[in-house]
Structure formats: structure tokens, C-alpha cells
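Colleague: predicted model, plus sequence, below.
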Amino acid sequence: MSEARPPRNGRRWFQIGGITIQVDADRPITSQTFAPKFEAFAVDGPGSDTVFIHHRFGLPDLQGCELGRRAYRNRSWAVFERPDAWFYLGRMRDLDDTRLFTFAEFDREHTHGTIYSPADDQFMQGHLESLTTLPTDQIILARVLADRRACYLHSAAVIVDGAGLLFLGHSEAGKSTVARMLDGRSQLLCDDRNIVRRWPDGFRVHGTWSHGEIPRVSAASAPLAAIFLLSKAEENRLVKVTDRVRLATVLAACMIKPVVDVGWWEKSLDLIETMMNEIPCYEMRFDKSGAIVPALLELARSFSPTTRTEGAP
Amino acid sequence: MSPSLAPDARVRHSDDVVARLIEGELLIVPLMSGVGDLEDELYTLNETGRAIWEKLDGSRTIDDVAREMAREFDVAEETARLDVANLVEELLGRKILVAG
């Protein structure tokens, strides 16, 4: 990973899943502004596909502002949709306190956004856990990814001999356990969230900064060779999954869903069907002994060398 | 027929679901957002369930659908009524169907 050049005018760039995020702010951005997990994703400048984010301080007056249809609401934030824009309103965690703590506006494609915070104290304090200062960057990026035949999956992923292996599972399914089992024999991308993207030459798996128990993350990517559905058991074996309905259900369930609409799901289900057609999938029945590792390594090495192209797009 | 479901009731697909046919089964996903897993919220319908689903377009009553199912699948009308009512109740509970 190349060293990011010193920030100019507070500007920084980070690349994830083949998308560059340009971050600007009305305050200086330093090496301490964002949490260390972002360092591996820092790049020197904008890419061919860039999302632009600008942080401003001081909330705009929304009185009389037409925000459009409310697309989503939970206890702490709400999303409004207009034909030309999206608006994100974050509220204080205290239910009785309705003051805004974040207001963000994005264009329709989520490629240009301005994010407003009431004050600059948290930004200046640094070590922010998201580039957008929203609860997670996945809220924005999951929408951006769907337009690029890509998605976040709740998964751990590693690279073995150039082959990307993706381990799908819910919380407590054993994603971090598998990552630890393969430590030293693979390159870990991320132990909790990874991006799968259909490039013109096939699927690749990309690491993300949204880690679980293991803070070590990588911006690398590799051709996606196989998907494993994690299943804790008292045996260790890989069983080819042939039940496509079950597979589609698991993939859809493990997909990270941002503020969704029919269009987002249609694109995501198209992606799932393509993934099922192109990528072999196995149920991985395993215990904590690590006895499954030889089978995984053997399978990874069995994939055709033509699938082992080096270097991320 | 379920006591809570009138034979002349009409129901239709919710606008807040997306359905996709996979290997003859219908996968129905709700328009729910979240960064967590929602496997329990996903629903699949087999061939019979799918046939019922396709008729629940708001234009037919529950009884109409049951009669059509009995004819198409060559089962007793009472059996078809029970199957349709059970499925409709389940899907109404999950907000996959709404009153027509």
C-alpha cells in the first residue's frame, strides 16, 4: 500500500471496493482525524470512480426545507428521499432529545455529499470511526456499491495463494475463529465485513475497514474462488451446496442492507443470482480444533491458476 | 376457513416487498433496512404457495382463490380454503400481504 501524501487543504482519499472516497472538511484533516483502521485504505488521489464527501460544521436551518418522502426511520436517525437527493438526519441517542447531531445531504447517486455536524469538537478530537461520521459508512457505501454490481457481505475473507475465500455467517458463527485458524497461512482481508464485486473479468472480494474481533484489515482484493457457509459442528468437512434457494436466502440475509428500496433489492438479487452461477459454494462444517484448515488450503490451491491474477483493479 | 379471515376478504402484495423466482421457489424479501442479518424476515414459497401468491392480486376474494386452487391442483375445496387461509394469515402477519 502506498503512503498517502500529506493532506492539502485538509483533503484525504481512501479506496475501498474499487471506489475512491475523497474527504474534505472545513477544518484541517490530520493523520489523527480518522481511526487507524483507515490507514491501510489511504491512497494518493482521486480514482476513476470517486465519491466526494465534505464535512461542514454548524447545522443548516431546515425550516421550510422540502426533504421529500421519509424512506427510513429508527430511534436515532431518519432518511428522506427526493427525486434529486437523499437527506440523513441523525438525532441524539436520548429519545427525549430531538436535537440533530448530524445532517447529511447526498445527490441521487450518493457520489457527492455534504455532512453537517453541530460543532467541530469531535472532528478535531479525531479517531473518528467512520469517514462520513454517520453510525457506519456502510449506510452510504452499500447504496453506491449496488450501482456497481457489488455489495457488503457479513463475512470473513482471506487470500490463499491468490484465491479469495469468503466465509459467510451471522454474529457468533465463527468468522473471526476461522480467520485465526488461517492466520499465517493466508492474508486476512477483514473478519466481519467484506465487499464482493462483479468486475468485467469476474468476481473479486475486497477487504473493508469494518472489522470484528480482529482489528487487522487490508485494502487488498483477490478473485473470489469460493464461498463457505459457516456451520459449527462436531466434524470437519466441506459439503458442496446445491440447494440454490437456501444459498440465495443466506446470501440475501448476510448482505448488508442500507436504506433499501425496490431498485436496490432488484440489483442486489441480480448480483446474488450471478454469484450463485459463477462461484462454488460449500457448507463448512467445523469445530474449533482447526482440523478443517488442510481441507480449506487444499481446495484453495485447487482453483485454476487462471483465476489467480495478481493485483486489484 | 380461519375465523379471523372473511371468505370475501381481498388481499394484495405489499408494496414493501420484492419477490424473486429461484429454482421454482419464490424468495420474498422485505424492504427492511439494517446492517444486521435478517434471515428470519426472508420468506420462500414453494410451487403451491407461489400459485396462491400469484392470485392474491387484490382483485379476487380469498374464496375465489381457494376455488381456483382446488380446480388447478385437483384437491377438495375445503382443503384449498384451509391452505389459502393459513398462508394468507401468515403473510398478513409478516406484512408481506396487505388488505386489498
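Modeller: Thanks, I have it.
Colleague: just how off-centre is the longest helix anywhere in chain B within its chain?
Modeller: Assignment by DSSP state H gives helix B:77-93 as the longest helix of chain B. Chain-centre distance of helix B:77-93: 8 Å, with C-alpha atoms, centre = their mean, to the nearest Å.
Colleague: what of stretch A:107-127?
Modeller: 18 Å.
Colleague: same check on stretch A:243-258?
Modeller: 16 Å.
Colleague: kindly export that stretch (C-alpha atoms) in CSV.
Modeller: Only the C-alpha atoms of stretch A:243-258 are listed here, as CSV (Å, rounded to 0.1, in the frame of the first residue of the first chain):
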residue,chain,number,x,y,z
ASP,A,243,-29.7,-26.0,-2.7
ARG,A,244,-29.9,-22.7,-4.6
VAL,A,245,-32.9,-21.4,-2.7
ARG,A,246,-31.1,-21.9,0.6
LEU,A,247,-28.0,-20.3,-0.8
ALA,A,248,-29.9,-17.3,-2.1
THR,A,249,-31.6,-16.9,1.3
VAL,A,250,-28.3,-17.0,3.2
LEU,A,251,-26.6,-14.5,0.7
ALA,A,252,-29.6,-12.2,1.0
ALA,A,253,-29.6,-12.4,4.7
CYS,A,254,-25.9,-11.8,5.0
MET,A,255,-26.0,-8.8,2.7
ILE,A,256,-25.7,-5.5,4.4
LYS,A,257,-28.8,-3.5,3.8
PRO,A,258,-28.6,0.2,3.8
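Colleague: A:R143 is in contact with A:I19, correct?
Modeller: No - in this structure A:I19 lies outside contact range of A:R143 using C-beta atoms under 8 Å: 11.5 Å. Every residue, glycine included, has its C-beta placed from N, CA and C.
Colleague: now do the phi/psi pair for the most centrally placed residue in chain B.
Modeller: When C-alpha atoms, centre = their mean is applied to chain B, the residue found nearest the centroid is B:W53 (4.3 Å). Per-residue torsions, B:W53: phi -50, psi -40 (degrees, to the nearest 10).
Colleague: where does the prediction get shaky in the chain?
Modeller: By default, I'm working from chain A. Low-confidence segments of chain A (pLDDT under 70): A:1-9, A:92-98, A:304-313.
Colleague: can you look at chain B instead?
Modeller: B:1-4, B:32-40.
Colleague: run through the strands of it in chain order.
Modeller: B:11-13, B:17-22, B:25-30, B:43-45, B:97-99 (DSSP state E).
Colleague: let me have those strands in a markdown table, extended by distance to chain A and mean neighbour count.
Modeller: Output for the strands of chain B, formatted as a markdown table (distance: least, C-beta to the nearest C-beta, whole Å; neighbours: other C-beta atoms under 10 Å in any protein chain shown):
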| stretch | distance to chain A | mean neighbour count |
| --- | --- | --- |
| strand B:11-13 | 12 | 18 |
| strand B:17-22 | 4 | 18 |
| strand B:25-30 | 5 | 21 |
| strand B:43-45 | 6 | 18 |
| strand B:97-99 | 15 | 15 |
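Colleague: near chain B, which residues of chain A are found?
Modeller: A:72, A:136, A:138-139, A:154, A:170-171, A:244-245, A:248-250, A:252-254, A:256-262, A:265-266, A:269, A:273 (C-beta under 8 Å from any C-beta of the partner chain).
Colleague: residues near the residue of chain A found nearest chain B, how many?
Modeller: Among all residues of chain A, A:A253 sits closest to chain B, at 3.5 Å; criterion: C-beta to the nearest C-beta. Counted with other C-beta atoms under 10 Å in any protein chain shown, residues neighbouring A:A253 total 20.
Colleague: surely A:T249 is in a strand?
Modeller: No - going by DSSP: H, G, I helix; E, B strand; the rest coil, the assignment for A:T249 is helix, not a strand.
Colleague: and the residue nearest to it when sequence neighbours are not counted, what does it touch?
Modeller: Distances taken as C-beta to C-beta, 6 or more residues apart in numbering or on different chains place B:L42 nearest to A:T249, at 5.3 Å, with adjacent residues excluded. Contacts for B:L42 (C-beta atoms under 8 Å, 6 or more residues apart in numbering or on different chains) come out as A:249, A:252-253, B:27-30.
Colleague: next one: A:F101
Modeller: A:F101 is in contact with A:90-92, A:117-118, counting by C-beta under 8 Å, 6+ apart.
Colleague: sec struct for A:R216, please.
Modeller: coil.
Colleague: host element of the residue nearest to it when sequence neighbours are not counted?
Modeller: Spatial nearest neighbour of A:R216, chain neighbours left out: A:L188 (5.8 Å); criterion: C-beta to C-beta, 6+ apart. Per DSSP states H and E: A:L188 is located in strand A:187-190.
Colleague: ok, A:T111 to A:R12 distance?
Modeller: From A:T111 over to A:R12 the distance is 17 Å, taken as C-beta to C-beta, to the nearest Å.
Colleague: then A:R91?
Modeller: Relative to A:R12, and taking C-beta to C-beta, A:R91 is found at 28 Å.
Colleague: now A:C254
Modeller: 30 Å.
Colleague: so for A:R91 and A:R12, which sits in the more crowded spot?
Modeller: A:R12 (24 against 18).
Colleague: using the three-state scheme, assign that one.
Modeller: Relying on three-state DSSP, one would call A:R12 strand.
Colleague: nearest spatial neighbour of it, chain-adjacent residues omitted?
Modeller: Here the nearest residue to A:R12 in space, its sequence neighbours aside, is A:V23; by C-beta to C-beta, 6+ apart that works out to 4.8 Å.
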